[in-house]
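Engineer: Give me a 3D structure for the following:
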Amino acid sequence: MLNSAIARLAGEFPRLNALRVHARILVTPPPARPRAGRSACLCASMLALFLLLATGARAGESANDPGVDRVIALVDGGQFKAAEARIAEGLASTSESSDDKAALSFQRERMRRILLDFTLTADDVKARLRKQIPDLRDDEFAKWDAEGVLEQQVIDGRTLYFHLAAPNLFRVSAQARARRQVQTPFVEGPMESPNPHHREIRDAAIAQHRSHVAPRRVRVTQTLTVDADAVPDGETVRAWIPYPRAIAGQQEAITFVSSEPAQHTIAPESTLQRTVYLERPAHAGQPTAFSITYELTIYGQYTPIEPDKVVPAKITPELAPFVSERTPHVVFTTAMREFSRQVVGDEKNPYRIARKLFAAVDRIPWAGAREYSTISNIGDYALHAGHADCGQQTLLLITLLRLNGIPARWQSGMVYSDGEYDNLHDWGWVYLAPYGWVPMDVTFGVLDDPDPQIANFYLGGLDAYRIAFNDDYSRPLVPAKQYDRSETVDLQRGEAEWRGGNLYFNQWDYGFTAQVLTPTPPSSTH
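Structural biologist: This is a model prediction of the structure:
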């Protein structure tokens, strides 16, 4: 049964018309991670697969593990009271290492964050759905609930729903979408549909015989503003705002313009999650604001790949980390291996394998995501949840590519436009010999265009309307944070803390503006 369900997902779902959304509003409780993405119909066979993967591959995996692993399993299973008892016992123990105690403390924080994401009862979700489906029937709700398209967790016997369960339903269920009283389209980013910019990059790359073309000079301002009285008067607030590193042929000529406050520290360019560090005192009744402004030149990317020329890469010491597991989010589980086997079949050509895996992950419907720090294994979550956002899709694709011996790595930052649109976004790079590293954006996925080079633009190409802040995930900040990060995986909004602890997302807001200037770069000063 598991094999047949995977086969249906792997090979039989047609490409579905995509609806995308730009959701970028910070509220209390903190919102799901706002990501560029698509919404698509979630078929019964796909749901069957995800439910089977969830129950068949995950159940009991850590049931007999001692210490931290056991607590993680309890939290994942919604047994918060039991987890808290074990955490308290571990923290009181004299035999636990300081690292294990820190990990146990974070599991306590993870439970708190989960409860900020899962805040609704069934009646709450029904009330929200009835704003768009006034005649919603209880049996309809029960059907969708049973299908797993309303994200929920049972925590100590109480069923709680993700606070975006209602709007997400319309992104993953065509039936629910059709029941809306008003068929309001989702907002999509300009690069998520084929447009002249994709052709500009493709044509220039072929004509110039180079992979990086069509540069744009961009001026960016980013802000981080801590809520008034989130920190006591006179206490120092520490802030980290994401900042790009120079990457030859992708983003160059980075020029720092200004910051507020003026004193700042820019992390070394070798920092894979690079930031500008600032600090200033809080004042009673006033928000504590930070900002940076800089300029850089962004290039579009395109490599015209001839599949028959692609050969298995020689795994050098430099490439070895990118074909390896990296716990906790890139793990070659039994379910992952089975999914890969069904998708890949007997294919041996690395590019064609990548195409198959890219298409399979692209079929997973996009939905607003819970905070990454609340998920114990993001790649596995994306495989079984029935939906995923851009970072979850990317980590799943990275896992599947590495499992097949194809080097793959993470990149993330912001996407923007010539207008008002901007958004957090995650994507990746895949190594295909003899071409080397080429970009991949599985969330933008296969474009609806009759020209195969444009349709497949995002496996080997990137638009010039994105800034990379992160060349990896879950890497140390410089200077280091004293307390747990709000975002333990990605880094696009920033981080903040004071001597009393971390400042979580419901205690501050972020801002991003980008103005496209000219493609002519000045000398680099970064």
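Engineer: And what about the residue positioned nearest the centre of the chain, helix, strand or coil?
Structural biologist: Centroid-nearest residue in the chain, with C-alpha atoms, centre = their mean: G391, separated by 2.1 Å. Here G391 is helix, with the state taken from DSSP: H, G, I helix; E, B strand; the rest coil.
Engineer: any idea how far it lies from Q301?
Structural biologist: 20 Å (C-beta to C-beta, to the nearest Å). All C-beta spots, glycine's among them, are computed from the backbone N, C-alpha and C.
Engineer: Now do the buried residues in the helix or strand harbouring K81.
Structural biologist: K81 is part of helix 80-92 when elements are defined by DSSP states H and E. Neighbour-count burial for helix 80-92, with 16 or more other C-beta atoms under 10 Å as criterion, is recorded at 80, 83-84, 86-87, 90.
Engineer: Next SSE downstream of that helix?
Structural biologist: As assigned by DSSP H and E, the chain's next helix or strand after helix 80-92 is helix 98-117.
Engineer: List the neighbours of that following helix that are in contact with it.
Structural biologist: With C-beta atoms under 8 Å, 6 or more residues apart in numbering as the test, helix 98-117 has contacts from 29-30, 32, 67-68, 71-72, 75, 80, 83-84, 86-87, 90-91, 96, 153, 155, 160, 162-163, 370-371, 373-374, 484, 504, 506.
Engineer: so where's this protein uncertain?
Structural biologist: For the chain, applying pLDDT under 70 flags the ranges 1-66, 519-526.
Engineer: domain parsing for it?
Structural biologist: 31-178, 211-300+471-516, 307-413+425-462 (automatic domain parsing).
Engineer: So which of those is nearest A204?
Structural biologist: domain 211-300+471-516 (3.8 Å; C-beta to C-beta).
Engineer: Next, the distance between the ends of the closest one.
Structural biologist: End-to-end distance of domain 211-300+471-516 (C-alpha to C-alpha, to the nearest Å): 21 Å.
Engineer: how far is it from where the chain is centred?
Structural biologist: Taking the mean of its C-alpha atoms, domain 211-300+471-516 sits 18 Å from the chain's own mean (C-alpha atoms, centre = their mean, to the nearest Å).
Engineer: quick one on the thing from earlier: which one of the buried residues of helix 80-92 is nearest to V237?
Structural biologist: I87 (28.6 Å).
Engineer: All the strands of the stretch 301-450 of the chain, residue numbers only.
Structural biologist: 408-416, 422-432, 436-440 (DSSP state E, counting those that start in this stretch).
Engineer: And the longest one, what does it pack against?
Structural biologist: Packing partners of strand 422-432 (3 or more C-beta pairs under 8 Å, 6 or more residues apart in numbering; DSSP states H and E): helix 350-362, helix 390-403, strand 408-416, strand 436-440, strand 508-516.
Engineer: got it, and the last one?
Structural biologist: In this structure, strand 436-440 packs against strand 408-416, strand 422-432, strand 461-462, with contacts taken as 3+ C-beta pairs under 8 Å, 6+ apart.
Engineer: quick one: buried residues of that strand?
Structural biologist: For strand 436-440, by 16+ other C-beta under 10 Å, it's 437-440.
Engineer: what's that strand in contact with?
Structural biologist: The contact list for strand 436-440 (C-beta under 8 Å, 6+ apart) reads 211, 301, 303, 305, 354, 358, 397, 408-409, 411, 427-432, 458-462.
Engineer: Which residues in stretch 489-508 does the neighbour count mark as buried?
Structural biologist: By 16+ other C-beta under 10 Å, the buried positions in stretch 489-508 come out as 489-498, 502-508.
Engineer: swap that for stretch 113-127, sorry
Structural biologist: 113-114, 116-118, 120, 122, 125-126.
Engineer: ends of it, how far apart?
Structural biologist: Stretch 113-127 has an end-to-end distance of 24 Å (criterion: C-alpha to C-alpha).
Engineer: how deep is T316 tucked in, by neighbour count?
Structural biologist: 8 (other C-beta atoms under 10 Å).
Engineer: With A253 instead?
Structural biologist: Using other C-beta under 10 Å, A253 has 18 neighbouring residues.
Engineer: That one in helix, strand or coil?
Structural biologist: strand.
Engineer: from now on call the first residue 493
Structural biologist: In the new numbering, first residue 493, that becomes A745.
Engineer: in the sheet, who's paired with Q645?
Structural biologist: Here Q645 sits in beta bridges with L652, going by DSSP bridges.
Engineer: Against T611, how distant is it?
Structural biologist: 11 Å.
Engineer: Which helix or strand contains T715?
Structural biologist: Per DSSP H and E, T715 falls inside strand 704-718.
Engineer: Fine by me, we can end here.
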